[in-house]
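Trainee: compute the structure for the input listed below.
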Amino acid sequence: MEKNASATSVIGKADGATSVCLIKRDAELTLKQKIQRFRYQIKRAHVERTLKPGAHTMDEVMEYLVKVHGFAEPDKEEIKEEYEEMRASFLIQHAPELLGEYAKLPKLKSESREDLLAYVRQAQERTEKAKEIPATEFDIDFHRFQISFDDSNDNIHFLIEKRFGYIGGGASGNKKILKSFHKLDKDIHRYYGVTEEDIRTKSQRYKDVVRALCRK
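Mentor: So this is what the prediction gives:
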């Protein structure tokens, strides 16, 4: 059976410290990209128009994953490496002053292969420095929930970070598993929801939930 893989960061903007994103200006977008952007804008407008107040806490989201969808949380030792990566990512975002000279990456000089590789190396060095900061100075409240299938490599997982309000997730397996993940992903974020205040102020939580509900 054909295998695919999907990994999606959803809420919290904890996308990996070594990610490099080059965004084209409107004038440089292809016709296909412009059509995709237009479709997204229509979908976003619909989501925003129909989104109603109804919020739950992270603890309630975790309970929902376990009791309603049958997810389980593995032993902390099994996710130790993933926890360290996430802790470094959140430290870089929320406490960069702890990194001293590594607090801010130099600007990307150009889009050349050489400059891109140099930029990635610098980002990786910053991540390693972040990992060296002891948890007594900066820590996160990280949880992973997972369901595995017949093939041990096939799974759907969700990542919860309670301190900063992050929900992420991903899946590995065939098209049916990936479809299930995307359906669950939206369900989890609808359950997480927003308050009237979030809607009124267009808070970060509101923006993140809307973005999640606009995904395919």
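Trainee: could you pull out the buried residues of whichever strand or helix holds V209?
Mentor: Element membership for V209 (DSSP states H and E) is helix 204-213. The neighbour-count check on helix 204-213 (16 or more other Cβ atoms under 10 Å) flags 205-206, 208-210, 212-213 as buried. Placement of C-beta: from N, CA and C, glycine included.
Trainee: low-confidence ranges, this structure, go.
Mentor: 1-27, 152 (pLDDT under 70).
Trainee: ranges for the helices of it?
Mentor: 31-50, 58-67, 80-94, 113-132, 175-192, 196-201, 204-213 (DSSP state H).
Trainee: between these, which one is closest to K107.
Mentor: helix 113-132 (8.8 Å; Cβ to Cβ).
Trainee: can you show me the CA trace of the closest one as PDB?
Mentor: In PDB, the C-alpha atoms belonging to helix 113-132 read as follows (Å, rounded to 0.1, in the frame of the first residue of the first chain):
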ATOM      1  CA  ARG A 113      22.800  28.000  -2.100                       C
ATOM      2  CA  GLU A 114      25.900  29.000  -0.100                       C
ATOM      3  CA  ASP A 115      24.100  31.700   1.800                       C
ATOM      4  CA  LEU A 116      21.100  29.500   2.500                       C
ATOM      5  CA  LEU A 117      23.400  26.700   3.900                       C
ATOM      6  CA  ALA A 118      25.200  29.200   6.000                       C
ATOM      7  CA  TYR A 119      21.900  30.500   7.400                       C
ATOM      8  CA  VAL A 120      20.700  27.000   8.200                       C
ATOM      9  CA  ARG A 121      24.000  26.300  10.000                       C
ATOM     10  CA  GLN A 122      23.700  29.400  12.100                       C
ATOM     11  CA  ALA A 123      20.100  28.400  13.000                       C
ATOM     12  CA  GLN A 124      21.200  25.000  14.000                       C
ATOM     13  CA  GLU A 125      23.900  26.400  16.200                       C
ATOM     14  CA  ARG A 126      21.300  28.700  17.900                       C
ATOM     15  CA  THR A 127      19.100  25.600  18.500                       C
ATOM     16  CA  GLU A 128      22.000  23.700  20.100                       C
ATOM     17  CA  LYS A 129      22.700  26.700  22.300                       C
ATOM     18  CA  ALA A 130      19.000  26.900  23.300                       C
ATOM     19  CA  LYS A 131      19.200  23.200  24.400                       C
ATOM     20  CA  GLU A 132      22.100  24.000  26.600                       C
END
